[in-house]
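In: Coordinates for the following, if possible.
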Amino acid sequence: MHKHLAILSKPGIERILSGQKTVETRFSKHKIPPFNEVHTGDIVYIKETGKDIVGQFTVKSVISFETLQEQDWEHIKKSYAKELSLGSEDLDDKFFKTHKTSNFGTVIFISKVEQLITSPVTFKKTDRRGWVVLE
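Out: So this is what the prediction gives:
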């Protein structure tokens, strides 16, 4: 089991903690974490940029996509848009258009969400990475 740190927007964090968002996705042009780095049973700490860790979840399962094709995008959108809880059809369209040039995708299914009162780890992060493998 590994531990990870995911940086999310405040609305994204709120939707995870409330149970509305049950899938987290990450897309990139290059092979960077969490692609092939996050696995079933891993713990993911969640935080907003510049803030403390406020929650965590366990990875229920993961699907990875390499060399994303149009049919992959259609599958992801059709199968997981509701679980991504983006907020509206306009946000769904904007989200998928923004990531359309990505080559790699990671679909992470969320379980065992916990809101935390204090941060379980101290981690000084000074770069712009949105995902960090901690151990």
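
In: What pLDDT does the model give Leu86?
Out: We note a pLDDT of 63 for Leu86 in this prediction.

In: ditto for the one 5 residues further on
Out: We note a pLDDT of 54 for Leu91 in this prediction.

In: Next up, the contacts around the nearest residue to Lys29 once chain neighbours are set aside.
Out: Of all residues not flanking Lys29 in the chain, Asn103 sits nearest, at 5.4 Å (C-beta to C-beta, 6 or more residues apart in numbering). Every residue, glycine included, has its C-beta placed from N, CA and C. Each residue near Asn103 by C-beta atoms under 8 Å, 6 or more residues apart in numbering is listed here: 28-30, 66-68.

In: Now restrict those residues to buried residues only.
Out: Neighbour-count burial (16 or more other C-beta atoms under 10 Å) applied to those gives 28, 68.

In: now the contacts of Asn103 as a markdown table including distance to Val132, secondary structure and pLDDT?
Out: Shown next, in a markdown table, are these (distance: C-beta to C-beta, whole Å; DSSP: H, G, I helix; E, B strand; the rest coil; pLDDT from 0 to 100):
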| residue | distance to Val132 | secondary structure | pLDDT |
| --- | --- | --- | --- |
| Ser28 | 14 | strand | 92 |
| Lys29 | 19 | coil | 92 |
| His30 | 16 | coil | 93 |
| Glu66 | 21 | strand | 92 |
| Thr67 | 25 | coil | 89 |
| Leu68 | 23 | coil | 85 |
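
In: What are the boundaries of the strands in this structure?
Out: Counting by DSSP state E, the chain has strands at residues 3-7, 23-28, 43-47, 53-66, 104-115, 131-133.

In: Can you pull out the low-pLDDT segments for the protein?
Out: Scanning the chain for pLDDT under 70 picks out the ranges 85-93.
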